[in-house]
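Visitor: Kindly return the folded structure for what I paste below:
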Amino acid sequence: MKELNRWQSGLFTAGGLLLLTGAVMWPNGKWWPVVAYCAGALCFGAMQMGQRYEGKSITIRRLRRQQILGAVALMLAGAAMIANRLDLGYLQHNEWMAIMAIGALLECYTVFRIDHELKKEE
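Guide: Below is the predicted model:
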């Protein structure tokens with residue numbers, strides 16, 4: 001896997017912290033948790049999509065696609081949060097939580113499996 005440079009790694013970490021902060025603080029604010037979550041999802045997802053795998057393992061390529069799908073799900077959860085706060089359309093009953101849970105599950109699964117496969121590849 002291509003390593004992130006120092007500022008990209010910091011942006012990746014800050015995005016993860018903003019994701020967590022926005023999700024945990026959802027009931028305690030009107031808009032700032034939504035903004036924190038959306039900014040975190042964009043930073044986290046962009047840095048994760050920027051990482052590249054240049055090897056030949058089909059398993060790691062599949063896991064990378066799943067990881068990107070998880071990042072997209074986290075971004076979609078941010079859009080659903082906005083729709084929830086604005087009372088738009090069908091997304092008025094905290095559906096963002098289900099979308100975020102799917103994204104988080106994909107992220108957790110792939111991070112451990114990719115690490116295992118990279119060690120096995122060496």
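Visitor: Quick check: closest non-adjacent residue to S57.
Guide: E121 (5.8 Å; Cβ to Cβ, 6 or more residues apart in numbering). Quick note: C-beta positions are derived from backbone N, CA and C, even for glycine.
Visitor: quick one: contacts for G70?
Guide: The neighbourhood of G70, defined by Cβ atoms under 8 Å, 6 or more residues apart in numbering, consists of I102, G103, A104, L105, L106, E107, T110.
Visitor: no wait, L105
Guide: G70.
Visitor: Assign it to helix, strand or coil.
Guide: What DSSP: H, G, I helix; E, B strand; the rest coil gives for L105 is helix.
Visitor: now swap in the one 3 residues further on and tell me
Guide: Put simply, C108 is helix when judged by three-state DSSP.
Visitor: Counting neighbours, what do you get for it?
Guide: 11 (other Cβ atoms under 10 Å).
Visitor: go on, the one 10 residues further on?
Guide: Using other Cβ under 10 Å, L118 has 15 neighbouring residues.
Visitor: tell me how far the helix or strand where it lies is from the chain's mean position?
Guide: Per DSSP states H and E: L118 is located in helix 96-121. The chain centroid and the centroid of helix 96-121 are separated by 10 Å under Cα atoms, centre = their mean, to the nearest Å.
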